[in-house]
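Asks: just the structure for this:
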Amino acid sequence: HAAEAAPAPAPSFLAAPLAPDAAAAPAPEWTGNVSAGFVMTDGNSEMRQANASADATLKREKDAFTLGFLWVYAENNNTGGGWVLTDRKTFGRGKYDYFFAEKTYAYGLATAENDLQQDISLRWTAGAGLGHQYLDTDTWKFAVEAGLAYLDTDYKNSADTDDLTVRGSTNTAYTASDTWSFAHILEAYPSVEDAEDVYGRSQLTADVKLSENMLASFKWVLDYDNTPVPGNDRVDNRYLHYIGRKI
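Replies: The predicted structure is shown next:
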């Protein structure tokens, strides 16, 4: 007898398992650090100083959010007449970047601060403009920004001012090694109404990695006002040190 044909296999309604896709990109998360420092002396010199700093960034495919905070407080009792406040500064900033091209973006920025040394009760800015990221590698980051900003300053003992300004800024970051990293923000706000009225700010930060999550941070904060209140210098410098934690 001729061999009978083998019966055809019954159709299967169970879908074959799909080949696994490439690992999905992790959801964007906030990165940054929170730091604090304290110095106290007693005896021949009585002084108390505290400072705190926080920086955070959320970077997504097309946009980014950046937040920053700085607080400085100092007092001394060296004259025997009780504790005297010698320095107090609070500064906060928020920034949003939208990348409409690979390296070019539009930004919106707002800052607010008070400063005892500069006799400032409240200074705030709000502005917008364009930026271009010239470098964005694991080692170097460098961006330049230009736009317009409104700058309003309320002084404690002098006449208040408000100006429409041009804003120019550079933002640089350098990762020297697994241990050391540096960052620098430089901003200038020349008034479009008075050529002599120029405000500027520089913040240079050096971070030293102490462990997986802990770091030591050193900041040099420079404030510049070309037309300060009577009796004040144009430049104020603060040199700060912190111990902090990455977030």
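
Asks: next up, the contacts around residue 156.
Replies: Contact analysis of residue 156 by Cβ atoms under 8 Å, 6 or more residues apart in numbering lists 119, 120, 121. All C-beta spots, glycine's among them, are computed from the backbone N, C-alpha and C.

Asks: repeat that for 10 Å
Replies: Neighbouring residues of residue 156 by Cβ atoms under 10 Å, 6 or more residues apart in numbering: 114, 115, 116, 118, 119, 120, 121, 122, 229.

Asks: from residue 26, how far off is it?
Replies: Going from residue 156 to residue 26 by Cβ to Cβ, to the nearest Å gives 48 Å.

Asks: on that earlier part again, can you lay out the contacts of residue 156 as TSV showing neighbour count and secondary structure?
Replies: Output for the contacts of residue 156, formatted as TSV (neighbours: other Cβ atoms under 10 Å; DSSP: H, G, I helix; E, B strand; the rest coil):
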residue	neighbour count	secondary structure
114	17	strand
115	22	strand
116	17	coil
118	19	coil
119	17	coil
120	19	strand
121	13	strand
122	15	strand
229	16	coil
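
Asks: make JSON lines out of these and add distance to residue 46 and pLDDT.
Replies: Putting the contacts of residue 156 into JSON lines (distance: Cβ to Cβ, whole Å; pLDDT from 0 to 100) gives the following:
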{"residue": "114", "distance to residue 46": "25", "pLDDT": "96"}
{"residue": "115", "distance to residue 46": "24", "pLDDT": "96"}
{"residue": "116", "distance to residue 46": "19", "pLDDT": "94"}
{"residue": "118", "distance to residue 46": "25", "pLDDT": "92"}
{"residue": "119", "distance to residue 46": "25", "pLDDT": "94"}
{"residue": "120", "distance to residue 46": "27", "pLDDT": "96"}
{"residue": "121", "distance to residue 46": "28", "pLDDT": "97"}
{"residue": "122", "distance to residue 46": "30", "pLDDT": "97"}
{"residue": "229", "distance to residue 46": "29", "pLDDT": "90"}
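
Asks: could you dump the one helix or strand residue 238 maps to to CSV, C-alpha only?
Replies: For residue 238, the host element (DSSP states H and E) is strand 235-246. The C-alpha trace of strand 235-246 is given here as CSV (Å, rounded to 0.1, in the frame of the first residue of the first chain):
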residue,chain,number,x,y,z
VAL,A,235,31.8,94.3,43.3
ASP,A,236,30.8,91.8,46.1
ASN,A,237,32.6,88.5,46.4
ARG,A,238,31.5,85.5,48.5
TYR,A,239,33.6,82.3,48.9
LEU,A,240,31.6,79.4,50.2
HIS,A,241,32.2,75.8,51.1
TYR,A,242,29.7,73.0,51.5
ILE,A,243,29.2,69.3,52.2
GLY,A,244,26.4,67.9,50.1
ARG,A,245,24.6,65.0,48.6
LYS,A,246,23.7,64.2,45.0
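
Asks: that strand: how far from the chain's middle?
Replies: Relative to the chain's own centre, strand 235-246 is displaced by 13 Å; criterion: Cα atoms, centre = their mean, to the nearest Å.

Asks: same check on stretch 202-209?
Replies: On Cα atoms, centre = their mean, the centre of stretch 202-209 falls 11 Å from the chain's centre.

Asks: for the record, mean pLDDT for it?
Replies: On average, the pLDDT along stretch 202-209 is 96.

Asks: remind me which residues of this protein are low pLDDT?
Replies: 1-25 (pLDDT under 70).

Asks: can you give me the strands in it?
Replies: Under the criterion DSSP state E, the chain contains strands at 31-41, 47-59, 63-76, 84-99, 104-115, 120-136, 140-155, 161-175, 180-190, 198-209, 214-225, 235-246.
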